[in-house]
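A.B. asks: What would the 3D arrangement of this be:
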Amino acid sequence: MIFFNAFLVAGLFCFGAQVLMDNTKLTPGHITSIFVVLGAVLSFFGLYPKLIEFGGAGATVLISNFGHMLYTAGIEGFHEVGVLGFASGLLTKSSLAVVSAVIFAFIFALLFKPKN
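C.D. replies: Reported below is the predicted structural model:
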C-alpha cells in the first residue's frame, strides 16, 4: 500500500503539472515555481506534512517538497533566533540542494557539449 500511496500522490502532482503545460502558455520554469510555492502554502496550512505521512516518497521527491522544506526551515530559524534566523534557516536547509545542483551542472557541462 505504501507504493500505491506514493504513486498516487506523485501521479496527481505530475497530472496537475501536465494539465498546466497542455492548457496554458506557462513554461516549465513557471510551473516549477508554482509547485515550489504550492508546497510552501500547503505547509503553511499544515497539509504537506500530512501529505508526506500519506504518500511518503511520493511527496518528498517532488519539487513541491523544496517549498515545504524552505517554509519549515524558515519557521524553525525564526523561532530559534528571530528575524535573522528566518534567513539563516532558509540557507541552512536549502544549501545542500543548491550546491548539489551547481556541482552536477558543472560536471555535466564538462562532459557534454550542447547542440548548435
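A.B. asks: How about the lowest-mean-pLDDT helix or strand in the chain, which residues are buried there?
C.D. replies: Across the helices and strands of the chain, mean pLDDT, DSSP states H and E gives its lowest value to helix 83-111, namely a mean of 85. Residues of helix 83-111 classed as buried: 85-86, 89-90, 93 (neighbour count, 16 or more other C-beta atoms under 10 Å). Where you see a C-beta, it was placed from the backbone N, CA and C, and this is true even at glycine.
A.B. asks: tell me what that helix is packed against?
C.D. replies: Applying 3 or more C-beta pairs under 8 Å, 6 or more residues apart in numbering; DSSP states H and E, one finds that helix 83-111 contacts helix 64-80.
A.B. asks: Show me how far the helix it packs on is from its chain's centre.
C.D. replies: How far helix 64-80 lies from its chain's middle: 12 Å, per C-alpha atoms, centre = their mean, to the nearest Å.
A.B. asks: Could you check the angle that helix makes with helix 83-111?
C.D. replies: Computed by axes from the mean of the first three to the mean of the last three C-alpha atoms, to 10 degrees, the angle separating helix 64-80 from helix 83-111 equals 150 degrees.
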